[in-house]
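Asks: Please find the sequence and the predicted model below.
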Amino acid sequence: MNYKRILGIVIFLCGVALVIVSIYIKNQVDAGKLKISRAEKQVEGGKKLFSLNPVSKEVGKKIVIDPAERKIAKGKQDVNYYEKISNRLMTIGIICGALGFILFLFAKKKQKG
């Protein structure tokens, strides 16, 4: 087996690895989106609970609601960041896999004699 075929296999395997990592990150991002959605529902429930009178509304907003909303906003930023990474890894992985496969197929075998 010549070096071009070996290189093709290595590039193909790297592409497959990148796709697998991308899928893992995407699954984690989806889990994060679900947690954010649940947290937003809890914050809405908290807003309703604390809005019964003006004093509790102000106290609830400063102590509970604002910090929770900041954490949710940070979580959304993180989700967007990792979603972009996942998409880039998927694209690069598919390209590497295809290039490696093509290199493996079209690399000329050494002829004996």
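Replies: Now that the structure is in, tell me what you want to look at. Numbering: from 1, shown residues only.
Asks: residue ranges with poor pLDDT in this structure?
Replies: Across the chain, residues meeting the criterion (pLDDT under 70) sit at 1, 109-113.
Asks: where exactly do the strands run in it?
Replies: With DSSP state E as the definition, the chain shows no strands.
Asks: Can you list the helices and strands that the helix ranked longest in the chain packs against?
Replies: Longest helix in the chain by number of residues, with DSSP state H as the criterion: helix 3-50. Where contact means 3 or more Cβ pairs under 8 Å, 6 or more residues apart in numbering; DSSP states H and E, helix 3-50 is packed against helix 54-60, helix 66-106. Yep, even glycine has a C-beta here, placed from its N, CA and C like the rest.
Asks: Can you list the buried residues in the shortest one?
Replies: Yep, that's helix 54-60 we're talking about. The neighbour-count check on helix 54-60 (16 or more other Cβ atoms under 10 Å) flags Gly60 as buried.
Asks: what helices or strands is that helix leaning on?
Replies: helix 3-50.
Asks: can you tell me which of the helices and strands packed on helix 3-50 comes nearest to Gly32?
Replies: Nearest of the helices and strands packed on helix 3-50 to Gly32, taken as Cβ to Cβ: helix 66-106 at 5.0 Å.
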